[in-house]
Each structure stands twice: as C-alpha cells, then as structure tokens.
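1. 3D, please:
(chains A, B and C)
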Amino acid sequence: MKEPYDGPILEIDGLSISFFTRLREIPAVMDFSVKVQPGEAVGLVGESGCGKSTVALGVMRDLGRNGRIVGGAIRFKGRDMADLSDSELRQIRGNEIAMIYQEPMASLNPAMKIDRQLMEVPMLHEGISEAQARSRALEVVADVKLPDPERILKAYPHQLSGGQQQRIVIAMALMSKPALLILDEPTTALDVTVEASIVELVKDLGRKYGTSMLFISHNLGLVLETCDQICVMYSGEAVERGSIEDVFDQMQHPYTQALFRSIPLPGADKNAHPLVAIPGNFPLPHERPKGCNFGPRCDYFEAGRCDAGHIPMFDVPGNERQSTRCVRFREIDWASPPTIGATHEKGEAGKVVLRMEALKKYYKVAANALFGGEKKVVKANETLSFEARESETLAIVGESGCGKSTFAKVLMGLETATEGQILLDGKNIEQIPIEKRDTKTIADVQMVFQNPFDTLNPSMTVGRQIIRALEIFGIGKTEADRHRRMLELLDLVKLPREFAGRMPRQLSGGQKQRVGIARAFAGDARIVVADEPVSALDVSVQAAVTDLLMEIQREQKTTLLFISHDLSIVRYLSDRVMVMYLGHVVELGDTAQVFSPPFHPYTEALLSAVPIADTSVKKKHIVLEGDVPSAMNPPPGCPFQTRCRWKSRVPGDLCETEVPPMRRMAEGHQVKCHLSEAEFVTMEPVIEVRTEDA
Amino acid sequence: MEPLTWAEIIPRILWQFLPVWIALLGLFALSITFKRRLGFYGKLFDSTIGMIGFALVMFWIFTGIFGAMDLIVTHDALAQASGMKNKVPGTPLRGAEAGEYPYYLLGGDNLARDVFSRTIKGSWIVVQIAPLATLFAFMVGITLGLPAGYYGGKLDTLLTFVANLVLAFPVILLFYLLVTPEIVATGIPSYMAAVLFVFPLIFAGVLLNSRYQTRPAVRTPLLVGVLAGMGWLYLSLISDAGTPLKVLPRWLDLFDVPGGILVVFVAVVFVNAPTVFRIVRGLTLDIKTRDYVAAAQTRGEGGWYIMLWEILPNARGPLIVDFCLRIGYTTILLGTLGFFGLGMPPESPDWGSTINEGRKLLTIYLHPALPPAFALLSLVLGLNLLADGLREESLRD
Amino acid sequence: MAIFLLRRLGVMLLTTLCLTFVVFWLTNLQPNLEKLAKTQGNMRMTDAQVASWLEARGYARPILMKYGEWLGVVPGFVNLSADGSVQARCLDDGMTIETAPRYCGVLQGEWGYSTVFREDVSDIISIRLGLTAKLMLWVMILMVPSALLLGVLAGMREGSRTDRALSTISITTTATPEYVSGVILIAVFASSAVGLKWFKGTATSAMEDANFENFFLPVLTIALFGMGYIARMTRASMAEVMTAQYIRTARLKGVSFPNIVMKHALRNALIAPFTVIMLQFPWLLNGVVIVETLFNYKGFGWTLVQAAGNNDIELLLGVSVVSVIVVLVTQLISDIGYVYLNPRISVS
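-> Numbers count the residues shown, from 1 in each chain, chains lettered A, B, ... in the order given. The predicted structure is shown next:
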C-alpha cells in the first residue's frame, strides 16, 4: 500500500556501481548523489557511456548479473532500497517507481495484446478485478491522448506507430499512479515532431498525476523544456548539479561550459561564431585519469591540483542546491567569452554543379512482404527541383519517410529516376546506374553515412579501406603512391597516421566518422551527400566532425548536401535549406528565408519541435497531432493536410483535394502551400532570442 | 599368458596414445602462451567449453594422423588372427611372434581382427573425409548463397527452390539412390562430382579477380597461376580410369580417389550444400543492409567484390561455428552410410561400418561395437562443444 | 490466407513432381532395369535377351513417357506380341485387355506391384506407414515436451548451473546418432551378456503388441537425437527472449520471475523451435530407418531399406513419394503454425 510521505521521494547518496568482467572491475558510476523532491522533475544529462542509464537501473535494482552496487545508498521515500526483500522490491517496481525506455517497440511484448500488458500492472499491485483494470486502462489510454482507445487496447504492439507505442509505454508506467517516473531517453528513437508531442504529454501528465520524474537524456534542450533540476554527468561522476536556471546561465563546471559551447544554439554561425569542440576523447572506464576525469580535456586544467586526487562536490555559494566537482570553480571567470578559433569570411557560392529538374522516383512494392498480394506504388520523391552550387551547403530536412534517403540513392546511381532529370555539370545522369557511370562521375559524387558503427567494414583495416577507394577511383600509379595518398587523407581528417593499421573496432564513433569522410574524399569528391553524419555521435564530438566537414568544404570548394532532421545544426551550417515532407519539397530557400519566419506550416512545426538549450530563447509552441502518414498510403491533396494547423484558413476543401503548386516567394524562395500571400505576411518567427542579456 | 584385466588394459591403451598426448600438450602449451596474439583462434582458450571441445577434436585428428603413420595401432587393421574371433578385451594373441604386440587390447571382432587398431584406423578415414566434404559443401553454398541473397529476385527464387528441393528429399533415400552400385555404374556421381568440385575454382577465381581487378599487373599472373594449379587438382580428382570421365592422361593424373570414397564424398557434399546455402543467403540478406555495403556500392564496386570482400568476411563468425557443427554432422552422415554398408568398401575400418558389423552380435558380444561408437560420439561431441565455445567467444565483443 | 495456401500448395505440387521425377529417373536407369530383368526373368539372360525382355514390358521407351504412365496422365503401355500374348501395364489378374483401364498410375490409385514382397505397393505402404506412425507418435510424445522443458529451463537463466548441466546433456544427445545411442542402449539395457536386461533388444513383437518393454528403447533412441537439437534451439530462443527489453519491462513492472517466464517469455520463445520441430521430420525419417533396422521393427523405414536394397523399383517409388509428401506437408504446417504463433505476421 502506498503511504503518504512528504520528504524527498528519491535520495541517492554517494552511489557507486561497478560491473565485473572476467578481467577487471569496471566502475560505471562513482560517488553519485541526487535528490528528487515530490512533484519535481530532475534531468540527468551526459554523453553515452557516462553512466546515466546505470543510475536508473541502479535505482530499480536491476543491474544484471555483472553489475553491483559497491557503495552508497538509494533511499526511496526514506527507505533504504538495499534493505528490501525481493517481494518488497517487486511491490515497488511498477507500482511506486515506473520506468519508460528508449525503444518503445522493444519494450512492449510483441506477442501480447496492449490491454493485457496494461491491465497486468494494477491487477498485480492492487489486486483489482479484471473489469476494473480494464476501465482503468481505457482511462489512461485516453489520458495519453490516443485516438479510439478501445481499438488500441485490442491491438498488438506492432500494429501501432512508434509514437503510439511510446504513448502506450507511458500509459503502462502511469497505470498504478507511481510516485516516481524514470524516463530513459524516452524520445531518442522518435521523429522530432513526434518527440515534441511526447514531451508535451509527459509534462502535462507529470503535473496531472503529481509524479516526480527522473529524466535521462543527452539532449540539453529537452531537459530545459521538461525539468526543474539538472545533474550533469561525465565519465561516471556527477560534475554539476543545480536548478535549471543556475546551471544553464551560471554554470560552474568546465565540462558543462564546454558542452554548451559545442552545441549549435541560435546565434552560432559557422563563419562568425563557430562552435568550440571539446578536444580529445571520452576516457574509457578503465583508463580514467587520476583526479578530475575531465582534466585532460579541460581548458582550465592545472597540473598538481586537478590531478592530485579525488575531487568532491563543492557547494556553490549563493545558489541553493547548486554544486560542482571542480577545484578551481571560484577562480575561473565564467563570463569570459570562448577563445574562438579562426573565423572565416562567408564563402562565395560558385557555379551551379548539380541541378535536379522535376525528379520523380516511384517504387512498386508488394503490399504484404510475406504473402505478396497486389503491388502498390510508393511515391518516394515527387517533382524534386533544385540546384546546388560549388562550395555551398544545401541542407535537406525532413523526418523519416520524407524521401531524403531515396533522393540520395537516385543521385548516387543506386537507383534510377522514374522521371525528371539530374544534371551534373550539365550532363544527364538520372538514368545511368552506378555500374555504368565512369570513374570520374562516381568519384565526384560521394557519400558520408549516418551510423559510425556501420560505415566501416569491421574486418578490414582503416588504411586498407581508404586504399581500396583510391584503387577503385584509379588514383595513384603504384601501391606506394596510394599509400602516401592514404596517409595524406588521414592528415586531412586530422587522424594520426598510425590509425592506418587499426581495425575499425579500435576506433571511437567520431574517429570512424572521420575515416568515412576521408574515404568519401579519396577521389577528390566535388559533391558530398552527408546523410545525418553527426546525429549518432555524442554532442561533444558532433562539433568537431561538423567543423571538419566545413573546413574540408572551404578548402576543396565542395558542394555539401547535408541531410538532417536536426534544425539546430542545419541553421548553423547550411547556406540554403530544403524542407521535405512525404516525398514533396514543401519549402526551399536561403537559411534566413526559411527560418525567420517560416512560411510553410510544416517548417514552422519542425522549428518549434526542436528543443533549444538556451534559457534566453522564447519559442512558440506548436504541437502536431498524429504521426507522419505512411508513404504507401499518402493523404489526398496536400501531403501535410492531415496535421496542418492552418488548414482552416484556406477556403474550401482545396487542401484535401489539390496538391498545392510550388510558389516562388522572394528570390530563390519557394513554398508549396495553399495559404494566401496575406497569411504568409502575418507569419511570425518561431524562435525569438530575448536580447536583454546579450 | 593370462588375459589382461581392465586395470592393465587402460594404462596400456593410454601408453599407446603417447604420441597424441605429446602433440596435444605441445599444441595447448603453445596456444595458451600466445593466445592474446592469435586473434579469433586465441580467444577460444578463454572458454572452458571451447577448450574441451578443441582438445577432443584435436585428439582424434592427431590419432588419425599418427594412426595413418602406423604409430598407435598395435596390429594390421585388416589382418585376421586365428582364434581371436570375438575374443574379449585383453585377450593375449595366440602364437604371437617376436615384435608383435602380444594382446588384442579391445578384443577381436567377428572376423578376428583387432578392434583397437580398427578404431584407430577408422579415425583417419573420418578425419580426412568429413572436413574436406564440409569444406566443399561450404564452397558450393557460399558461391550460390551470396548472389542469391545479394541480388535477390528471380535468381534467388530459382536457387532457393532448388535448395528446398534437395532439402525435402529424405537424406537416407538420396544415399540409397546415389550410392548403389547400379547408379555408380552409370557415372552420375562422377558427373555430379565434376559439377560440385568446380565451385572452389569459381570461388577462388572470382575472389582474386574482384580483389585485384584494379591492378591488372598483379591480377593476371596470380589468377593464371592459381587457376592452373587448382584446375590440375580438379581434373586429377574427377578423372578416374573406372568412370566415364577420363579427361587426363595417366601421366598427368596426380592421384586417384577410390571410387567408393568419391561417391560418398559427392553424396555428403550434395546434402550439406543446400543448408549452407540457406545460412549464407540469410546472413547476406542481413549484412547487405549495412552502410559499409552501401559505401562500397556508391564508390562503384562490382557485385562480387562486395559479396566476397565486404559481406563474406563479416559473416565469418556464424559460418565458422556452423562449419564445426557441420563437420560433426558429416561425421554422423558418414557413419550412417557405413551403417547401411553404402559406399565404403566392405573391409573398411570406418566407424559406421564397424558399428554395423558389431551390432549383429550385440546382445552377446558388446566389445566390437562399443569402441567405434564411443569414438564417434566423442568426436562429434568435441565438434559441438568447440562450436559452442566459438559461438560464445564471438558473441563476447 | 487462401491465396497464400494456394500458392504454397502449388509450390508443393511442383516440388513433388520434380522430386518424384528424379526418383523415377534414378530408379529407371539402364543398369537398374537390367538388374530387374535378370532378377525377374532369368539370372543367366544374355544382353540381347535382357533387351527384348525390357522392350516387351515397355521399359525401353522414353523416360518422360514412362513417368507419365506411372503418374497416370499417359495411357498405360500395351504390347500385343506376335505370339498372341499380351503385355500391358494396366492388366491385372482376371482382366482382359478390353476390360483393363486405359490409365493406371498413382493418380488412379495404382501404385504398382512390389517384386520383393509380391504384394501391391499401396497395401505394403499403408500397413508399414501405420506401424511407423505408431512409433513416431510415441517419439513425439516423448521428445517434444521433454525437449521444450529442457530448453526452457536451461534458457531462462542463461549461464547458470542448471543451464550448464542441461546444455551439456542436450549437446551430448545431439552428438549421439541413433546408431550409436541404439547400440549403447541395447548394450546397457538389453544385452544378455552384461547389462541390466530391463528391455528387449528387438522390437519385432511391438508391431502387434507394443508395450513398454519392447517399444521403449526404439522410441527413446529416436527421441534422444532429435531432443537435443530441439532443446538447444529452444534454449537459444529462450535465452534471447529473456534478454529482450520487454522482459525487462515486465520485471520492472514488478512481475515475479515464474510469471515472467510463463506469461511473457514462453510464447515468444516457442516461435522459433516450433518451426524447427516441424523441419525435423526429414531428419527423423533418417532415424526411423536406422532404428527400424537396428531393432528389426518392420515399418516404413525398414521397407525403404528393403526396397532400395533389392532394386524393387515400384515400391521404392511409392516410398519416395510418401516420404516427400510427408516432408512437404510438415513444412506447410510449420509455415501456417508460424503465422498463428507470431502475431507480427498479419495474414491479409
């Protein structure tokens, strides 16, 4: 039974967790403390491998066979979790503490209907009848704003979309009205607009049910939007703790500062205000330095003090509940601006190298993978037209299923176009599959892939892979020539030359991505398609890889087609932006034209959905209903009409019946929308930077 | 002379295996010392299960090799000694001459031959045929499975249908149909051999060509050399005086495989290849979605380069594991063939035939059937444990 | 679903046709026919006599035509020789050439005549198949539940002592083919020299009257080999399911361990082994042949050996057709069952 309790809901005190392997003990979390008050949301932020998920599993006492709590205490409502018996623990799990995870599909049982999975919780903990449990389930499913709860309850998980699944996972967590909700990267696997609606939901429900939350994320912007308190972790330790305002505006730890300087906030610009990447790499758990873990990468490092020994948390005077794990925090001038690397003149875009004209790509697919059935046409790309110039960055923005990957395939020659033209230097290449392209064309158009763990062949050395690219592009006459060129390419991407002999598994994610870039530039590529090249990387590494791309682009006058869903990074580095939705280009123009103010309702929603880690930014709140429709079964008329909030302003049923024409606004700015000119004029920017503290 | 008791027999048998013990000890000492530098093979020595399996397998491999060198055996495996028919283990040899081993350590069989020596000699047959046949099955399965998985479409449909056809055929029936003397006389197994054994050639040719295509100066001599060598071996293998396929003249024919063995070999490759095909196809379907395959495609690599150098090396873990399991399975199949008296010459000391002979008097005399039965059991068990150990270690990182 | 079934049946039919044709071709090769002529006619026939014997009985015609006749889609062979004697494929005792049917193949239910048993093939097969069905029924009853139990128990706590022990057992049984385990079991339990003498070393009497004493050993011998394999599949599948995220979800919902296994893991874990069990059938036939030979149980497998060993062409064809069909039907069942077990595959 739940007893009323008014102390802190969760108190973690000096927690240390280690994993034991055959070879050694690997400390995953060290000396970690945090307090969660009733009704409060605490954000736990850090890069992958910093131990934030381990903390959550430690609270749930679910560390697997190798994990063990080696020190400290976790008190839930004043009771030490270590004293609980197995059955007491089970009574708390799901009932008083509930958890929400990253992969919604994986966290639902595929062979069990939704209603069973939901009803199980209260039936188990409160012993209520099946009928009562079912009516509770209906209520909660309605609470998480799912349409048609009855139908949803009878469905299997695979019949729901990703966003709906995550709502079910949230519903499941709320079934027993827990006192504490642990959310482990709950939106990472979702599209941005879906993420925004889930975040909104979690905030609302937290308030409605009065639940305390522990929100784990790598995304500072998301934490800003959801939490009251924040705890920043680095390499197994909490390095800074405090209220959102204190930490965001008056940070007291070099890592926190470095983190903020490496993410693209509004106002950052690749030429005038470039990002400051954190040098070096995240230390492996068994290679942590003595003293401050961040020491080797810190600008304020002082030998003899920072590496002298264990560093405790210091309370920051003046700011209640803020503390930092830095011995020098009183001496550092936190307000001094970062030493900016080289700033650059804005590069001039050169001649047009690539032109797409009314490109169409349709696929025929079987409606049912296992049983065949009639074929359906998927319109992956609809009349794509744009041009790209030398040394220009064109960002292609959209969520999953918008057709950006198909477009890349057609450009690369892995697929041929259904209709339309692709002109590379005035030559048509849309119907030439890659086997028929000449080496020069292939070497000119290259690609950088998204997933660093997948981009390199795991069973070939780094050097060999680059040399193979050189061989195939016919560069170098002898083996020695190519070897020399390979080493130069490693220099180009700022990797040590010894890496030539390493296997990909010995490299970190960022390093692998650099090798991928080196390989793409092996044949002096003039057009590089970068498919979300940094989205799978940690924040601190993202800046470095982005900068590298920019630098190579400046030197080689490359045309960069930057595919991304993250508008922050797009705003930071792109010259022009193309927004895609369900195979259509909905808006195209200069970065400034597209962003301030956005004209197309989808661009507007997309901009609003991206969380921004800056307390001085005011953002309009637009939450899209529902999910992206399937490309197999697109809505009639305007592709965005099912989720558009401006639809009512268009007279008649124009939106439902007719695909809007591509309208030219200003020079080079195009929008595919039925809204009238007058409506466009009234559009406001989504993001406003409050200027009082600038 | 008195018959030996079990307390005397066991030390004597262990002593006979002395060369095997020395070889095993040496191998393990070396491997464990340098295990950190031996890659995938070295990691095997981190797993107890894997080490036990490896030890069992190597025991029989060494036994096979040393047995073939007449080191371990006590008597001629085919010789019959008078008065030794069905004698129990440890019976002294009647009228043993000087220099002859004075006992039948594991007794005599129904033709008065030494069971111990026959079991040892039988291991050589298994150790030769099983891995080789499995290797050939893998060559066939890989060469067909990669394009089926990679290209898909009609090719895949056709190859999968054929593979399923062979798989739906009851193995035992297939053996009866393929291995009977009447069918052998028509030369069908020889033609099948000619088709199946050409796959390693195709495999090696395509492998090297795709790799060195960009460097013709290296490629051409290499390819010519390798293919000529392998081609000669291939022709020697398939050309045989007794069969319709007599391609090579006598003086060029390097070796002859005894007819029965070749047929057995073909049958075993034929039934194993479709399963390997299915595994390779499945792995290819999985790996071809990886970005490094897309990267290879976008730089214009040919299909075979991608299949053989980007996909195949990364499928090696599951394939090595399956290779071990499949050798075990092939051993069982060979035993089955021997058990039904198919293919192997009647005198053959292979384990299956020996078990078959021994079982007829099984309720009275146990000793002729049990040693080969336990030998086969331990080898297959070893291979299974080895596969398990490999699987465990390959999943570890 | 109907389209799916139809398509599968179509593929099945095609497979059966292909396979039976291969068997027909292999059994009707010239050396086989010559041997047949000599065993049926006279051992000392000359080559010319053999040729005319085959000619007279229609064996010397194109293979496709003979296959069509056997199948029953081509009219049966009729030979009116000069001396007035009639050789016709469809001529049975007590028929004249006028009353004999035109077609007599498998499709008409005419499976032919066994030269070894001197009986109709269809009679032999139905009796023998019944005996083997009895054997297989008991094998399944013994093998499937124990294999699943073994696999689930081992897989639910991967790496535990129970797992190690049970896995070793299942690996050992997969490493023991029927002819090895049969020999060992007979030696231990049925040998008259040493051993326990609990069971009988032969199962001939089990054909009429099966009891524990004469039937347990053959059943156990087949079951053991298949059991290890299924158990290992189940274990792997179970172990994988137990590490799945949704099992963690269930655990963190506060579900107790037995309930996690029963309610959340089991159904998901059984999807893969189900297919495996069904696909075991072609291999089980192997075991059946070995065990029936070893224990002298005159079922379907034993018949196969007799037919193949004695060049009994029509019987061998019949046996092949039946075994191929059994294999294909089990595959179809496995496909359908898979669809029903796995809710992720929707049937439109």
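2. quick one: the strands in the stretch 51-200 of chain B?
-> For the stretch 51-200 of chain B, applying DSSP state E, counting those that start in this stretch gives strands covering B:91-92, B:103-104.
3. Report the spatially nearest residue to residue 270, omitting neighbours in sequence.
-> In the absence of a named chain, chain A is used. A:Leu573 (4.8 Å; C-beta to C-beta, 6 or more residues apart in numbering or on different chains). C-beta here means a position set from N, CA and C on the backbone, and glycine is covered the same way.
4. look at chain C instead
-> Per C-beta to C-beta, 6+ apart, closest to C:Leu270 is C:Leu341, 6.8 Å.
5. Listing request: residues of chain C with sub-threshold pLDDT.
-> Low-confidence segments of chain C (pLDDT under 70): C:1, C:81-84, C:92-94, C:193-195, C:345-348.
6. ditto for the stretch 301-450 of chain A
-> Ranges of the stretch 301-450 of chain A meeting pLDDT under 70: A:339-343, A:345-347, A:366-375.
7. I'd like to know how far the residue nearest to A:Lys270 sits from A:Pro274.
-> Noted for A:Leu573: a distance of 10 Å to A:Pro274, by C-beta to C-beta, to the nearest Å.
8. re the thing from before, for chain A, find the nearest of the strands of the stretch 51-200 of chain B.
-> Ranking these by their distance to chain A (criterion: C-beta to the nearest C-beta) puts strand B:103-104 first, at 47.2 Å.
9. what pLDDT, on average, does the closest one get?
-> Mean per-residue pLDDT for strand B:103-104: 84.
10. Tell me which residues are up against stretch C:51-66.
-> With contacts defined as C-beta atoms under 8 Å, 6 or more residues apart in numbering or on different chains, stretch C:51-66 is touched by C:24-25, C:28, C:33-34, C:36-37, C:40-41, C:45, C:69, C:74, C:77, C:79, C:81, C:87, C:89.
11. if we go to 6 Å?
-> C:Trp25, C:Leu33, C:Ala37, C:Gly41, C:Val74, C:Phe77, C:Asn79, C:Gln87 (C-beta atoms under 6 Å, 6 or more residues apart in numbering or on different chains).
12. The residue nearest to A:Lys270 contacts A:Asn271, doesn't it?
-> No - judged on C-beta atoms under 6 Å, A:Leu573 makes no contact with A:Asn271 at a distance of 9.7 Å.
13. which of those two has more neighbours?
-> Taking other C-beta atoms under 10 Å in any protein chain shown, A:Leu573 and A:Asn271 do not tie; A:Leu573 has more neighbours (25 against 14).
14. Spell out which parts of the stretch 151-300 of chain C neighbour chain A.
-> Applying C-beta under 6 Å from any C-beta of the partner chain, we find that the stretch 151-300 of chain C lies next to chain A at C:Gln245, C:Tyr246, C:Thr249, C:Leu252, C:Lys253, C:Gly254, C:His264, C:Arg267, C:Asn268.
15. rerun at 7 Å
-> By C-beta under 7 Å from any C-beta of the partner chain, the residues of the stretch 151-300 of chain C that approach chain A are C:244-246, C:248-249, C:251-256, C:264, C:267-268.
16. all helices for the stretch 1-150 of chain A, in order.
-> Listed from the start of the chain, the stretch 1-150 of chain A has helices (DSSP state H, counting those that start in this stretch) covering A:52-59, A:86-92, A:104-107, A:114-125, A:130-143, A:149-153.
17. Tabulate these (CSV), appending mean pLDDT.
-> Compiled in CSV, the helices of the stretch 1-150 of chain A are given as follows (pLDDT from 0 to 100):
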stretch, mean pLDDT
helix A:52-59, 87
helix A:86-92, 86
helix A:104-107, 84
helix A:114-125, 88
helix A:130-143, 88
helix A:149-153, 87
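18. count of neighbours near whichever residue of the stretch 51-200 of chain B sits closest to chain A?
-> Sorted by distance to chain A under C-beta to the nearest C-beta, the residues of the stretch 51-200 of chain B start with B:Thr157, at 11.8 Å. As a burial measure, B:Thr157 scores 11 neighbours (other C-beta under 10 Å).
19. And for A:Asp653?
-> Count around A:Asp653 with other C-beta under 10 Å applied: 12.
20. And B:Pro318, by the same measure?
-> 17.
21. show me the contacts for the closest residue to B:Asp156 other than its chain neighbours.
-> With sequence-adjacent residues excluded and distances taken as C-beta to C-beta, 6+ apart, B:Asp156 is closest to B:Ala148, at 4.4 Å. Going by C-beta atoms under 7 Å, 6 or more residues apart in numbering or on different chains, B:Ala148 touches B:Leu155, B:Asp156, B:Leu159, B:Thr160, B:Arg281.
22. mind redoing it with 8 Å?
-> Counted by C-beta under 8 Å, 6+ apart, B:Ala148 has contacts B:Leu155, B:Asp156, B:Leu159, B:Thr160, B:Phe277, B:Arg281, B:Thr284.
23. tell me which of those is nearest to B:Trp351?
-> Of all those, B:Phe277 has the smallest distance to B:Trp351: 28.2 Å, by C-beta to C-beta.
24. Okay, and the closest one sits in which element?
-> In the assignment (DSSP states H and E), B:Phe277 maps to helix B:259-287.
25. Helix or strand next in line after that helix, which one?
-> helix B:291-298.
26. Now the element after that following helix, going C-ward?
-> Downstream of helix B:291-298 (by DSSP H and E), the next one is helix B:303-305.
27. How about the stretch 101-250 of chain C: which residue is closest to chain B?
-> Nearest residue of the stretch 101-250 of chain C to chain B: C:Ala175, at 3.9 Å (C-beta to the nearest C-beta).
28. May I ask you to name the longest helix in chain C?
-> helix C:121-156 (DSSP state H).
29. Please apply the same query to chain B.
-> Max-length helix for chain B by DSSP H is helix B:115-151.
30. Among the strands of the stretch 51-200 of chain B, which comes closest to chain C?
-> Comparing the strands of the stretch 51-200 of chain B by C-beta to the nearest C-beta, strand B:91-92 comes nearest, at 15.2 Å.
31. Any residues of the stretch 1-150 of chain B in contact with chain A? List them.
-> With C-beta under 8 Å from any C-beta of the partner chain as the criterion, the stretch 1-150 of chain B comes near chain A at residues B:Asp46.
32. follow-up on the earlier one: dump the strands of the stretch 51-200 of chain B into TSV; add distance to chain C and mean neighbour count as well.
-> What follows is these, written out as TSV (distance: least, C-beta to the nearest C-beta, whole Å; neighbours: other C-beta atoms under 10 Å in any protein chain shown):
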stretch	distance to chain C	mean neighbour count
strand B:91-92	15	18
strand B:103-104	17	26
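33. how about CSV for those, with distance to C:Asp120 added?
-> Below are the strands of the stretch 51-200 of chain B laid out as CSV (distance: least, C-beta to C-beta, whole Å):
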stretch, distance to C:Asp120
strand B:91-92, 52
strand B:103-104, 51
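34. Quick one: closest of those to A:Val70.
-> Using C-beta to C-beta, those put strand B:103-104 closest to A:Val70, at 62.5 Å.
35. Sheet-wise, list the partners of the closest one with their directions.
-> strand B:91-92 (antiparallel) (DSSP bridges).
36. just for the stretch 201-350 of chain B, where's the confidence low?
-> Ranges of the stretch 201-350 of chain B meeting pLDDT under 70: B:241-245, B:259.
37. If we use 80, what do you get?
-> B:239-260, B:343-347 (pLDDT under 80).
38. Residue 379: which element?
-> Since you didn't name a chain, this refers to chain A. Counting by DSSP H and E, A:Lys379 is found in strand A:372-389.
39. right idea, wrong chain: chain B
-> helix B:370-396.
40. what about that helix and chain A, touching?
-> No - using C-beta under 8 Å from any C-beta, helix B:370-396 never reaches chain A; the gap is at least 9.5 Å.
41. and the angle for that helix with helix B:115-151?
-> Note on geometry: by axes from the mean of the first three to the mean of the last three C-alpha atoms, to 10 degrees, helix B:370-396 and helix B:115-151 are set 30 degrees apart in direction.
42. tally of neighbours for C:Arg61?
-> C:Arg61 has 12 neighbours, counted by other C-beta under 10 Å.
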